[in-house]
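# coords please:
(chains A and B)
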Amino acid sequence: MKQFLASISMLAVLAAGTAAQADITIGVNLSSTGPAASLGIAEKNAISFGPSVIAGQKVHYVIYDDATDTTTAVQNVKRLVSENKVDVLIGPTTSPTSAAVIEAVAASKTPMIQLSPGPATISATDEKRKWIFSAPANTTIYGTAMINHMVKKGVKTVSVIAVDDAYGEVSTAAYKTLSEPKGIKTLTIEKYKRTDTSATAQVLHAMQGNPDAIFIASSGTPAALPHVALIERGYKGKIYQSGGAANAEFLRVGGKALEGSFMLAPPVVVGEQLPDGYPTKAEALKFIKAYEAKFGPRSMFASLAWDALKIVEAAVPKALKKGKPGSEKFRVALRDAIEGTKGLKGAGSVFSMSATDHSGVNQLGMSLMKVENGKWKLEDHAEFK
Amino acid sequence: MDFQTILILAQDAITNSAIYALLALALILVFGVTRVIFVAQGEFVSYGALTLASLQTGVMPGTVWLLLILAFIAACMETARLLVSGARHKLPGALATILAPPLAIAALVKICTPLHLHLGWQLILTMLIVIPLGPLIYRVAFRPLADATVLVLLIAAVAVHFVLVGLGLLFFGAEGVRTPPFSDAQFTFANLNVSGQSLCVYATTIVFVAIMAWFFNKTLYGKALRAVAFNRNGARLVGITPHLAGTFSFALASAIGCLSGLLIGPITTLYYDSGFLIGLKGFVGAIVGGMASYPIAAAGALMVGFSESFSSFWLSGYKDVVVFTMIIPVLLWRSLTTAHYEEEE
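The predicted structure is shown next:
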């Protein structure tokens, strides 16, 4: 009898052991505290919607917080790959933390889907960066949607007011390369600091020569400062905001001054207003319904984490044919499968990756909104038929 | 560049310089009385605006907790000091004066926050929360070091600055706020639109400078403060308590900082870390005034405001470089023209 019990418990241990061997582990590292907390918290919320079973395999999630700190992000990723033996990584939240973890990720041969954009970190031809994918649209996608709308509206001259940081630089650079071939003339590029108390001087300079439109390249609530100053100084032309400020705080701080201005954002922000048949509409509505029922107002950042999970979910069955979860073979196969993602309809975008495009977001993942009565209204979207 | 543009730039410059001038006043006052170069002066500006914004949304501002925690630490320090010096009988009175006002204010805020009071009451509530922070910070961080060198006091001030900025992020988050203006009025003078809020800023600065001038020249208490600023030991000999003077100067500093924050809150977006740069520009003004003269410091603040406004127009990317580079010729000029004397310690 004793022997029988012992053999049963042995069997149970063995069974548990093999099951754990075959389980898929997803490592998540986000900035749910620190300066990028408003992004990281939304992303962490969305991870809770992740599937518990993919293709018959149980899925484990290990979630760490890097406090928007590059050193902590690297430590977290090292722990995830060595201790937790994760098969795929989701995160980090910000561009600096994403750039910091590349070495650790490549050394462990683990595919990673980062939730920050950045052409600097994505290049499939690079031996290290071939492990890195990104879920959000890059500045070129944003810029193209804006320039297309400017051309449609007959805008010929533009002044740029950019915040004096990396985001402002990258957005302005993308705008410049895209606007010149379309014959749009840039009158001046003004800079201001996030903590400035006044942008009146920059606004006055930008208004000289009465440009058809003014492009404000800034993220978060700092984007409101030059915008409000433009209205105070009686600017009557079009104002375009880069996508960095599409949140409720920006609407609150900008108030009435924002009426009639344009904002770039992934179409998920105005999911309900998308025309029927828009490729991302169904998934966007699914995301909005699930997220708003549980966590309150939608967040485009949450949709990034949602989509990253979708990409993993679609890639895992292909990779399972090549190797067992937990092995290097499986991770390599998973990387190849993610790179082979074609026409995957996510909540924020339609993803089609390739060896040279590790973001996979195309123009379908970008729309232009207008502020009307303190709310976002869909103004322009990509052709989809 | 036409005349109209120059006028608008000048108006913008005057509005900003008025705030820098107020902060320069506070910096000189604190330095004169306690020899502390109060780097954290700007934090009261952001605390003021952010506390008001919290009250507006009906949320209990985090600064109330800071107030209570500081009061608690101050009470512990005071208890230790009185027990060591053997003045046990003074303990209940001392604890009551330290703990009672913050507790009363916290209770008042707790009651008033959900009521969504009129803007004027919220302004008063904000001042009530932020102003006691000044004396409490003095009690906790600077009074134990009162006889240390200027350098040690400066290092303590830098530490206080970092603590306050970190707590600001914790209390209010990373996003900025814009508070409602005191009045929506718009006035037009010769094609120039002037908002009622800017007029409030000018009026407050002028009134404050006038009150300070009156207070320091006409009242006994003001004269006592000046005496401490002039010669600490001498003042002590004639019966003026430097600690009381220090407490009072920090209360004035936090009052000026908080008021500045309430004044510019509707004009610009303020963040948890905005205060430092504003304070630094006030500091440039104070340096021009040699950390001693109020009128020259006000002129220095005007100079900062104007160079900032006009350099933003022509060279927006290098604005702060221009403003802070200006300090070099000023320092050169001052060190060449003023006589030096060592402060007797």
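
# Now do the domain split for chain A, please.
What the record gives for chain A is the domain set A:2-137+A:284-364, A:140-265, from automatic domain parsing.

# Nearest residue to the middle of the chain?
This is for chain A. A:Pro136 (3.0 Å; C-alpha atoms, centre = their mean).

# nope, chain B please
B:Gly257 (2.9 Å).

# Return the list of helices and strands in contact with the helix or strand encompassing that residue.
Under the criterion of DSSP states H and E, B:Gly257 resides in helix B:242-264. Helices and strands touching helix B:242-264, by 3 or more C-beta pairs under 8 Å, 6 or more residues apart in numbering or on different chains; DSSP states H and E, are helix B:3-34, helix B:41-56, helix B:119-130, helix B:133-137, helix B:196-218, helix B:220-230, helix B:232-237, helix B:274-288. C-betas here are computed from N, CA, C, even on glycine.

# For it, C-alpha coordinates in PDB please.
C-alpha atoms of helix B:242-264 as PDB (Å, rounded to 0.1, in the frame of the first residue of the first chain):
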ATOM      1  CA  PRO B 242      16.900  84.300  15.500                       C
ATOM      2  CA  HIS B 243      14.800  81.100  15.400                       C
ATOM      3  CA  LEU B 244      11.600  83.100  15.500                       C
ATOM      4  CA  ALA B 245      13.000  85.300  12.800                       C
ATOM      5  CA  GLY B 246      13.900  82.200  10.700                       C
ATOM      6  CA  THR B 247      10.400  80.700  11.200                       C
ATOM      7  CA  PHE B 248       8.800  84.000  10.100                       C
ATOM      8  CA  SER B 249      11.000  84.400   7.100                       C
ATOM      9  CA  PHE B 250      10.200  80.900   5.900                       C
ATOM     10  CA  ALA B 251       6.500  81.500   6.400                       C
ATOM     11  CA  LEU B 252       6.800  84.600   4.200                       C
ATOM     12  CA  ALA B 253       8.800  82.600   1.600                       C
ATOM     13  CA  SER B 254       6.200  79.900   1.400                       C
ATOM     14  CA  ALA B 255       3.400  82.500   1.300                       C
ATOM     15  CA  ILE B 256       5.100  84.300  -1.600                       C
ATOM     16  CA  GLY B 257       5.900  81.000  -3.400                       C
ATOM     17  CA  CYS B 258       2.300  79.700  -3.000                       C
ATOM     18  CA  LEU B 259       0.800  83.000  -4.100                       C
ATOM     19  CA  SER B 260       3.100  83.100  -7.200                       C
ATOM     20  CA  GLY B 261       1.900  79.600  -8.100                       C
ATOM     21  CA  LEU B 262      -1.800  80.600  -7.700                       C
ATOM     22  CA  LEU B 263      -1.100  83.700  -9.900                       C
ATOM     23  CA  ILE B 264       0.600  81.900 -12.800                       C
END
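
# Touching, A:Val28 and A:Tyr64? I think so.
Yes: the criterion here is C-beta atoms under 8 Å, and A:Val28 meets it with A:Tyr64 at 7.0 Å.

# So for the two, which sits in the more crowded spot?
With neighbours defined as other C-beta atoms under 10 Å in any protein chain shown, A:Val28 and A:Tyr64 compare such that A:Val28 has more, 26 against 20.

# what about the more buried one, distance to chain B?
As judged by C-beta to the nearest C-beta, to the nearest Å, A:Val28 and chain B stand 21 Å apart.

# With A:Lys191 instead?
4 Å.

# what about that residue, which SS state?
Secondary structure, DSSP: H, G, I helix; E, B strand; the rest coil: A:Lys191 is strand.

# For the residue of chain B found nearest chain A, I want the exact helix or strand it lies within.
Closest to chain A within chain B is B:Ser312: 3.4 Å, counting by C-beta to the nearest C-beta. If you go by DSSP H and E, B:Ser312 is part of helix B:294-314.

# Which of the helices or strands spans the residue lying closest to B:Glu175 once chain neighbours are set aside?
Once flanking residues are discounted, B:Glu175 sits nearest to A:Glu249: 4.5 Å by C-beta to C-beta, 6 or more residues apart in numbering or on different chains. Per DSSP H and E, A:Glu249 falls inside helix A:248-254.

# packing partners for that helix?
helix A:224-232.

# how about the helix it packs on, does it get close to chain B?
Yes: shown here: helix A:224-232 in contact with chain B (C-beta under 8 Å from any C-beta of the partner chain) through A:Ala224, A:Leu225, A:Val228, A:Glu232.

# now, the most widely separated pair of these?
A:Ala224 and A:Glu232 (12.0 Å; C-beta to C-beta).

# which of the two has more neighbours?
A:Ala224 (27 against 16).

# does that one really touch A:Phe250, like I thought?
Yes: using C-beta under 8 Å, A:Ala224 is in contact with A:Phe250, at 6.0 Å.

# Common neighbours of those two, please.
A:Leu258 (C-beta atoms under 8 Å, 6 or more residues apart in numbering or on different chains).

# Quick one: name the residues of the stretch 51-200 of chain A near chain B.
Residues of the stretch 51-200 of chain A found near chain B, taking C-beta under 8 Å from any C-beta as the criterion, are A:Asp164, A:Glu190, A:Lys191, A:Tyr192, A:Lys193, A:Arg194, A:Thr195, A:Asp196, A:Thr197, A:Ser198, A:Ala199, A:Thr200.

# Could you tell me how far the closest residue to the fourth one other than its chain neighbours is located from B:Thr325?
The one in question is A:Tyr192. Leaving aside its sequence neighbours, A:Tyr192 sits nearest to A:Ala199 (C-beta to C-beta, 6+ apart; 4.8 Å). According to C-beta to C-beta, to the nearest Å, A:Ala199 and B:Thr325 sit 21 Å apart.

# what residue ranges in the stretch 201-345 of chain B score low on pLDDT?
Residue ranges of the stretch 201-345 of chain B with pLDDT under 70: B:338-345.

# Get me the contact residues on it for chain A.
So far as C-beta under 8 Å from any C-beta goes, the stretch 201-345 of chain B lies against chain A at B:264, B:267-269, B:271, B:273-274, B:276-278, B:309-314, B:316-317, B:319-320.

# cutoff 10 Å now
For the stretch 201-345 of chain B, the residues in contact with chain A (C-beta under 10 Å from any C-beta of the partner chain) are B:264, B:267-278, B:281, B:305, B:308-320.

# hmm, which of the residues you listed are the buried ones?
Neighbour-count burial (16 or more other C-beta atoms under 10 Å in any protein chain shown) is assigned, among these, to B:264, B:267-278, B:281, B:305, B:308-313, B:316-317, B:319-320.

# re earlier: and the residue of chain B closest to chain A, what is it in contact with?
If you count contacts by C-beta atoms under 10 Å, 6 or more residues apart in numbering or on different chains, B:Ser312 has them with A:190-193, A:196, A:198-205, B:9, B:12-13, B:318-320, B:322-323.

# The residue lying closest to B:Phe208 once chain neighbours are set aside - how many residues pack around it?
Nearest residue to B:Phe208, sequence neighbours excluded (C-beta to C-beta, 6+ apart): B:Leu22, at 6.2 Å. The tally of other residues near B:Leu22 (other C-beta under 10 Å) stands at 26.

# The helix or strand where A:Ile239 lies pairs with which strands?
Using DSSP H and E, A:Ile239 sits in strand A:238-241. When pairing is defined by DSSP bridges, strand A:238-241 lines up against strand A:213-217 (parallel), strand A:262-265 (parallel).

# what about the closest residue to B:Arg232 other than its chain neighbours, distance to B:Ala227?
Excluding the flanking residues, the one nearest B:Arg232 by C-beta to C-beta, 6+ apart is B:Pro242, at 5.6 Å. Distance of B:Pro242 to B:Ala227, computed by C-beta to C-beta: 10 Å.

# Pull up the overlap in contacts between those two.
What both B:Pro242 and B:Ala227 touch, as defined by C-beta under 10 Å, 6+ apart, is the set B:Val33, B:Ala235, B:Arg236.

# relative to helix B:220-230, how tilted is the helix holding B:Gly257?
Helix B:242-264 runs at 100 degrees relative to helix B:220-230, counting by axes from the mean of the first three to the mean of the last three C-alpha atoms, to 10 degrees.

# buried sites along helix B:242-264?
Per 16+ other C-beta under 10 Å, helix B:242-264 contains these buried residues: B:242, B:245-264.
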